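Chemist: one predicted model, sequence on top.
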Amino acid sequence: MDGRAYSKSSSHDDGRGQRDQAGTLFVSSLEKGFRVLEAFREAPGDLGITEVALRTGLNKSAAQRFTNTLYQLGYLEKDARSRRYRPALRLMDLSYTFLHQNRLAEIAVVRLIDASKIYSTTVNLCEMINTDIIYTVRIPHSRASYPATVPGRRMPAFSTSGGTVILAFRPADEVASIIAASERRAITSNTITDVDAIMGRIDEARDQGYGFGVGQALPQEISVAAPVLDSRGYAVAAVQVPVYLPQWSVEEARAKIAPLVMETARSISGVLASES
């Protein structure tokens, strides 16, 4: 979250509108607890109760109760002097469980490692979550910055080559729904936010078999991605490689990186299809 008041409509939609909050099996108090936990996502640092309340839309009393419960359970830790909270080590258990049981990540990792060695580049695997992509596996190169090495980074799908190429291989109605629900804010001066232009990038990715962007999510970044497809041709993920100007030119990235990501993604897709 980015510090704005919590928006309930986007908190637990799966990207296709398939969550039933009105159903009898939905536990609103549990949702509020997760809302508090998610308040720490992309927070600039530790959070106090007032900030938790602002980020979640809860009143201070409720924010305090849920935050303290998560602290007692070991999912948050508290600074004894400032009485501010931060995510605790126990959350790593859940991350490990997800990756350990994720067959896609297991299939992909050795192929991503091999791909990273060819041009000494970072190679990522990303998947869709709501209107965003999230990097689930990251194989960094030796000069990568720390944020570029950490799985779990989340970015708007419309502004990334990975998101663009995943959407290129999904049904038109799903794509339209995701783009309509996206907060199309410019991340850099080059970010394309116009709906028609975004759809044009998606069409281009479908036609050429890979997504391509220059400075869309990060200045000076050339991002290239190819879709990982299931046996139906539905994109479940993308292999993405970032390179940077001026070390790489746009022409060089198209000539070298595009074939690399497409070959790597096809290899992963082939294993997925054979197991389905």
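Modeler: Sure, I can see it.
Chemist: for the lowest-mean-pLDDT helix or strand in the chain, the distance to its chain's centre please.
Modeler: Ranked by mean pLDDT, DSSP states H and E, the weakest helix or strand in the chain is helix 91-100, scoring a mean of 92. Centroid separation for helix 91-100 versus its chain: 16 Å, with C-alpha atoms, centre = their mean, to the nearest Å.
Chemist: please apply the same query to stretch 251-271.
Modeler: Using C-alpha atoms, centre = their mean, the mean C-alpha position of stretch 251-271 is found 20 Å from that of the whole chain.
Chemist: again with stretch 235-255
Modeler: Stretch 235-255 sits 18 Å away from the centroid of its parent chain (C-alpha atoms, centre = their mean).
Chemist: endpoints of that stretch, how far apart?
Modeler: For stretch 235-255, the first-to-last residue distance is 23 Å (C-alpha to C-alpha, to the nearest Å).
Chemist: residue nearest the centroid of the protein?
Modeler: With distances taken as C-alpha atoms, centre = their mean, the chain has I134 as the residue nearest its mean C-alpha position (1.6 Å).
Chemist: spatially nearest residue to that residue (excluding sequence neighbours)?
Modeler: Residue nearest to I134 in three dimensions, not counting chain neighbours: R154, with 4.8 Å by C-beta to C-beta, 6 or more residues apart in numbering. Where you see a C-beta, it was placed from the backbone N, CA and C, and this is true even at glycine.
Chemist: give the buried residues for stretch 162-172.
Modeler: Buried positions in stretch 162-172, judged by neighbour count with 16 or more other C-beta atoms under 10 Å: 162-170.
Chemist: among those, which ones are in strands?
Modeler: When the buried residues of stretch 162-172 are checked against strands (DSSP state E), there are no matches.
Chemist: next, format those residues as CSV and append distance to S28 and pLDDT.
Modeler: Formatted as CSV, those follow (distance: C-beta to C-beta, whole Å; pLDDT from 0 to 100):
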residue, distance to S28, pLDDT
G162, 33, 98
G163, 30, 98
T164, 35, 98
V165, 37, 99
I166, 31, 99
L167, 32, 99
A168, 37, 99
F169, 36, 99
R170, 31, 98
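Chemist: and those, which two are furthest apart?
Modeler: Across the buried residues of stretch 162-172, the two members that end up farthest from each other (C-beta to C-beta) are G162 and R170, 12.9 Å apart.
Chemist: report the rounded mean pLDDT for stretch 228-247.
Modeler: Regarding stretch 228-247, the rounded mean pLDDT is 97.
Chemist: could you tell me the end-to-end distance of that stretch?
Modeler: Here the two ends of stretch 228-247 are set 28 Å apart, with distance taken as C-alpha to C-alpha.
Chemist: about what we covered before: how far away is the residue nearest to I134 from Y75?
Modeler: Separation of R154 from Y75 (C-beta to C-beta, to the nearest Å): 19 Å.
Chemist: good, we can wrap up now.
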